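1. Predicted structure and sequence below. I'll ask about it afterward.
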Amino acid sequence: MSFDYYSFTGRNIGFIDEHEQQLLRQARVFVCGVGGMGGAAFMALARAGVGKFVIADIDRWVIRQAFQGLRDHNTQDTPTGLSVNLSTQSLTHGDFSRYITDCLVEFNVDPRAVIFEITESGALNHVEAVHHLIQELRPFGCRFALDDFGIGFSWFAHLKHLDVDFLKIDGSFIQGLLNDPVDLAVISAITNIAHSIGKITIAQHVDRPEILRALQACGVDQVQGFYIGRPQPNLRTANGQLQIVQGSEGLRAEG
């Protein structure tokens, strides 16, 4: 499988806790275009099963490209994590976990650097498949995140059945928390329950210092967004340095 062009980008992940003044870099592979078609349109057709590309095959292609890129770019002095979004179709393939472990060995990737992201809706529709994948890969050190968390109606009830490591709070709550008390309450509730069961919360779409201050007050653990650092064209340039800003501004990324 090949595509006309794709990008391998790095982004910054910041810790809110001032005692963990560390910046992580996470890599992502983005399919930008196929046969003159834009990446978003192409992925929509692939998810719908239209055309010759199957979304589960694309997942495997992305995993290979991402693992190879991580191997080629990683350095010992600047830790880089790898986040891979998985489609729900891949979750139901029985040999998918074996494919991942084979790629980990082939490209000599530390499994502890890899986070597999599954949307909340996808996970809730395939609870058993997600549970099986986590059981297969967690012993190697891989970690898991529920993406777009909080938009469902029964998310808290399902947390005890999904042994994920991270909850990525849906960006719509983050963008609204300054003006909507309901969004603020949801973020606080997610954070409190996540901490009570040993999970880490990540806030997406953090693009202003005011949002960062509000998230600090809620106790959110990690943040990502344009205020922390814009996506960079490769991992080498995504190397901002965290700085604790005195007063109420909190943590931001420079670089």
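-> Structure received. Residues are numbered from 1 along each chain as shown.
2. switch to C-alpha atoms for all contacts and neighbour counts from now on
-> Fine.
3. count of neighbours near Lys199?
-> When neighbours are counted by other Cα atoms under 10 Å, Lys199 registers 19.
4. pretty sure it is in contact with Leu162, am I right?
-> No: when contacts are counted by Cα atoms under 8 Å, Lys199 is not listed as touching Leu162 (11.1 Å).
5. my read is Val84 is in a helix, agree?
-> No: counting by DSSP: H, G, I helix; E, B strand; the rest coil, one finds Val84 to be strand, located in no helix.
6. residue ranges for the helices of the stretch 151-255 of the chain, please.
-> Taking DSSP state H, counting those that start in this stretch as the test, the helices found in the stretch 151-255 of the chain are 155-159, 171-176, 181-196, 209-218.
7. Tell me what angle the longest one forms with helix 209-218.
-> I take that to be helix 181-196. 50 degrees (axes from the mean of the first three to the mean of the last three Cα atoms, to 10 degrees).
8. quick one: contacts of helix 181-196?
-> Here helix 181-196 makes contact (Cα atoms under 8 Å, 6 or more residues apart in numbering) with 150, 167, 169, 173-174, 176-178, 200-201, 218-220.
9. Any buried residues in that helix, and which?
-> 183-184, 186-188, 190-192, 194 (16 or more other Cα atoms under 10 Å).
10. pull the CA atoms of stretch 188-205 into PDB?
-> This file holds the C-alpha atoms of stretch 188-205, laid out as PDB (Å, rounded to 0.1, in the frame of the first residue of the first chain):
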ATOM      1  CA  SER A 188     -13.800  18.500  36.800                       C
ATOM      2  CA  ALA A 189     -15.900  15.400  37.100                       C
ATOM      3  CA  ILE A 190     -13.900  13.500  34.500                       C
ATOM      4  CA  THR A 191     -10.600  14.500  36.200                       C
ATOM      5  CA  ASN A 192     -11.800  13.600  39.700                       C
ATOM      6  CA  ILE A 193     -13.100  10.200  38.700                       C
ATOM      7  CA  ALA A 194     -10.000   9.500  36.500                       C
ATOM      8  CA  HIS A 195      -7.700  10.200  39.300                       C
ATOM      9  CA  SER A 196      -9.700   8.000  41.700                       C
ATOM     10  CA  ILE A 197      -9.000   5.000  39.400                       C
ATOM     11  CA  GLY A 198      -5.400   5.900  38.600                       C
ATOM     12  CA  LYS A 199      -5.900   7.300  35.100                       C
ATOM     13  CA  ILE A 200      -4.200  10.400  33.500                       C
ATOM     14  CA  THR A 201      -6.300  13.100  32.000                       C
ATOM     15  CA  ILE A 202      -5.200  15.000  28.900                       C
ATOM     16  CA  ALA A 203      -6.900  18.200  27.700                       C
ATOM     17  CA  GLN A 204      -7.000  18.800  24.000                       C
ATOM     18  CA  HIS A 205      -7.300  22.100  22.000                       C
END
